[in-house]
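Q: My questions are about this predicted structure, shown below with the sequence.
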Amino acid sequence: MKQFQKTGSLLLPYRFTRGCPFECIFCISSTQRLSHALLPDEIVSHLESLQGEHHPTGFFFLNDTINISKKYIMDLCDKIIARKLKILWSDCARVDHLDQETLFKMREAGCIRLIYGMETASPRLLKYINKKIELKDLENVLRWTDEAGIWSGVEVIGGFPHEKQEDIEATISFLKENEKYINRIYLNHFDLRGNSVLYNSPERYGIKRIFRVDECTEKDFSSYVEYGFDEADGLVWKDKVKQIEFSIQAIRESCCRGHRFFTDEHLLFFLYSHFDHKDDVKSVYLKILKNHE
Ligand code: SF4
């Protein structure tokens, strides 16, 4: 930690796709089709010149999802490797276009961390939010990610409309069963986003009376809430707020101890710049984490 605090780290944000080809109903990207993706050759040229100019510890890619197709991600990795760019990077990914071969190639090309959007492990809610992922596939991908030596994060959202106790329990069970392969859980409260599919077609998804809230409520939520709503034939907003908070608490207490408030991106890049193997990174990281608890 002394060395880390002394030298610090520099992460450069970089985005090379705009929009997303998927349509998860809660996400603002769900109404913005994939509109642009730089060609792998262009990306590698940008990375090379940024690396030469700034010598960053790593690149913090900001794409909605890096693997828009297997061919795209494989081409990009092949070009990074062929150009002998010694870079480290992280991004968000979907499990659909990922297999063992791709993940090992990504690690070879400098990938140190991937964050997967699971959101919920309730099959009923996965269908409701149009996530289009299979939990079995996610389990495989998490295991392969670990085998490839890549740090893994999983996004979880508590309090989806019409979420029930059994949905929360399904999420908790999945996270516990796959704990070994999940390095960090990113736990978020459900937040109705303007211009998402859900916001644009509320009656189709069983919500009504959408109204502006526009506040950061310390009591019920830890972050900004833009819109409130009632569930059709379900909870009115004042009770929904409590349900969202209950859901978050239940997941946090069961699965997220020691995972949540530690801002670890810079440290993670720093450790991967010193150690080639994930086991070494993990062992030092866990020691540091323990000292901070
Ligand atoms: S949650 Fe991820 S995969 Fe789904 S629409 Fe949004 S960016 Fe795309």
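A: Now that the structure is in, tell me what you want to look at.
Q: all helices for the stretch 51-200 of the chain, in order.
A: In the stretch 51-200 of the chain, helices defined by DSSP state H, counting those that start in this stretch lie at 70-82, 100-108, 123-128, 135-148, 165-177, 197-200, listed in chain order.
Q: Tell me which of those lies nearest to residue 237.
A: helix 197-200 (14.8 Å; Cβ to Cβ). Using the backbone N, CA and C atoms, a C-beta is placed for each residue, glycine as well.
Q: buried ones in that closest one?
A: Under the neighbour-count criterion of 16 or more other Cβ atoms under 10 Å, helix 197-200 has 197, 198, 199 buried.
Q: so the first one touches residue 22, yeah?
A: No - with contact defined as Cβ atoms under 8 Å, residue 197 and residue 22 do not form a contacting pair (10.7 Å).
Q: Overlap in contacts, those two.
A: Any residue near both residue 197 and residue 22 by Cβ atoms under 8 Å, 6 or more residues apart in numbering counts here, and that gives residue 30.
Q: Could you show which parts of the stretch 101-250 of the chain are in contact with the ligand?
A: By the rule Cβ under 6 Å from any ligand atom, the part of the stretch 101-250 of the chain lying against the ligand is residue 117.
Q: OK, now which residue of the stretch 101-250 of the chain is nearest to the ligand?
A: residue 117 (4.7 Å; Cβ to the nearest ligand atom).
Q: For that residue, give its distance to residue 107.
A: 20 Å (Cβ to Cβ, to the nearest Å).
Q: Give me the neighbour count for the residue nearest to residue 11 when sequence neighbours are not counted.
A: Excluding the flanking residues, the one nearest residue 11 by Cβ to Cβ, 6 or more residues apart in numbering is residue 60, at 4.5 Å. For residue 60, the count of nearby residues is 19 (other Cβ atoms under 10 Å).
Q: One more: residue 275?
A: 16.
Q: thinking it is in contact with residue 283, fair?
A: No - with contacts defined as Cβ under 8 Å, residue 275 does not count as touching residue 283, sitting 9.0 Å away.
Q: Okay, and the beta partners of the residue nearest to residue 11?
A: Note on residue 60: beta-bridge partners by DSSP bridges are residue 13, residue 90.
Q: Report the contact partners of residue 28.
A: 193, 194, 195, 196.
Q: Of these - the most surrounded one?
A: Counting neighbours by other Cβ under 10 Å, residue 196 leads these with 21 neighbours.
Q: Next, give phi and psi for residue 149.
A: phi 90, psi 20 (degrees, to the nearest 10).
Q: What of residue 212?
A: The phi/psi pair for residue 212 (degrees, to the nearest 10) reads phi -80, psi 140.
Q: ok so, going back, how near is the residue nearest to residue 11 to residue 211?
A: Noted for residue 60: a distance of 35 Å to residue 211, by Cβ to Cβ.
Q: What's the biggest helix in this structure, counting residues?
A: Determined from DSSP state H, the single longest helix within the chain is helix 237-255.
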